[in-house]
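*Asks:* model this:
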Amino acid sequence: MSAANTIFHTATVEHHLPGPPAEMSAVVYNLQYTEPLVTDLVERNPPASEDTHVVGLPDHDLVRVNLYGQHPEDPKRRLCVIGIGDDEEHAKKAANGAWFDYHASVLFTGKLGEGGAFKRSIRYRVPGVPAQRATTVRVAYDVQHMRPRVETAVARNMPTHDECHVVQAGELTLMRVDLFGRDPLDSNRRVCVAGIADRHYRAMAAAEQAWADYHTFLRFAAAALA
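*Replies:* Next comes the predicted model:
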């Protein structure tokens with residue numbers, strides 16, 4: 001499959017995030033003490049089905065895994081998460097992580113009172129056609145062959161500063177670290193990404209991963225325009 005006939009679509013994903021509003025371009029979770037709570041919710045609401053596709057990019061064939069299931073609080077809603085990787089194993093790992101992160105967002109923001117959480121839509125350029133008869137709620141990548149190029153891009157465009165927010169979600173205390181910097185393609189555009197965790201150092205690590213993820217997203221957007 002050539003770059004010219006690779007099909008892409010734009011998935012607009014709504015994220016529910018704890019803490020004060022901000023314009024987010026990527027979000028990553030990195031949980032430790034609260035992980036069992038999310039795992040329990042996932043085990044009670046596992047994906048119901050999946051499908052696997054091979055998608056061709058200019059320099060590499062990738063695998064895309066779609067996981068389908070129900071919303072944990074509204075069984076009438078059919079959801080889809082998308083994982084993209086170098087092979088089926090990496091794509092499935094990305095999809096399972098996306099399913100976990102979505103359930104984490106539902107669990108944590110559900111414990112917050114009015115004004116404790118906000119919604120932001122993030123647009124992803126995704127190889128392949130849109131999910132059928134399901135709402136896409138997460139897109140995740142585990143693309144190791146792109147890692148050296150992404151690391152080089154990040155080294156050239158490091159975040160400029162960060163902010164930390166402490167959020168009380170019921171009996172749980174969460175940390176959200178926001179990293180700010182410049183879009184590597186438009187120096188006049190400010191970018192913010194978020195890392196969410198139950199410890200500060202984990203939130204910082206998650207935010208750094210979100211910064212790398214944002215640069216990965218840009219490479220998929222560029223491939224879509226090739």
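
*Asks:* for this protein, which helix extends over the most residues?
*Replies:* Of all segments of type helix in the chain, defined using DSSP state H, the longest is helix 200-224.

*Asks:* so how far is that one from its chain's centroid?
*Replies:* Distance, stretch centre to chain centre, for helix 200-224: 9 Å (C-alpha atoms, centre = their mean, to the nearest Å).

*Asks:* return the list of helices and strands in contact with it.
*Replies:* Here helix 200-224 touches strand 8-18, strand 27-30, strand 117-127, strand 135-142, helix 147-156, strand 161-169, strand 172-183, strand 186-197, going by 3 or more C-beta pairs under 8 Å, 6 or more residues apart in numbering; DSSP states H and E. Using the backbone N, CA and C atoms, a C-beta is placed for each residue, glycine as well.

*Asks:* can you give me the buried ones in that helix?
*Replies:* Buried residues in helix 200-224, counted by 16 or more other C-beta atoms under 10 Å: 202-220, 223-224.

*Asks:* residues in contact with stretch 108-123?
*Replies:* 10-27, 34, 73, 167, 169-170, 172, 174, 196 (C-beta atoms under 8 Å, 6 or more residues apart in numbering).

*Asks:* again, only using 7 Å
*Replies:* Outside stretch 108-123, the residues within contact range by C-beta atoms under 7 Å, 6 or more residues apart in numbering are 10, 12-18, 21, 23-25, 167, 169-170, 172, 174.

*Asks:* need the buried ones from those residues selected in PyMOL.
*Replies:* To isolate the buried members of these in PyMOL, using 16+ other C-beta under 10 Å:
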select buried, resi 13+15+16+17+18+24+25+167+169+172+174
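
*Asks:* SS state for Ala91?
*Replies:* Three-state assignment for Ala91 (DSSP: H, G, I helix; E, B strand; the rest coil): helix.

*Asks:* wait, Cys164 touches His200, no?
*Replies:* Yes: counting by C-beta atoms under 7 Å, His200 is a contact partner of Cys164 at 6.5 Å.

*Asks:* shared neighbours of those two, anything?
*Replies:* The contact lists of Cys164 and His200 share Met175, where a contact means C-beta under 7 Å, 6+ apart.

*Asks:* pLDDT below threshold where in the chain?
*Replies:* 1-5, 58, 113-114, 224-226 (pLDDT under 70).

*Asks:* can you tell me, leaving aside adjacent residues, what's nearest to Ala131?
*Replies:* What sits nearest to Ala131 in space, not counting adjacent residues and going by C-beta to C-beta, 6 or more residues apart in numbering, is Cys80, at 3.8 Å.
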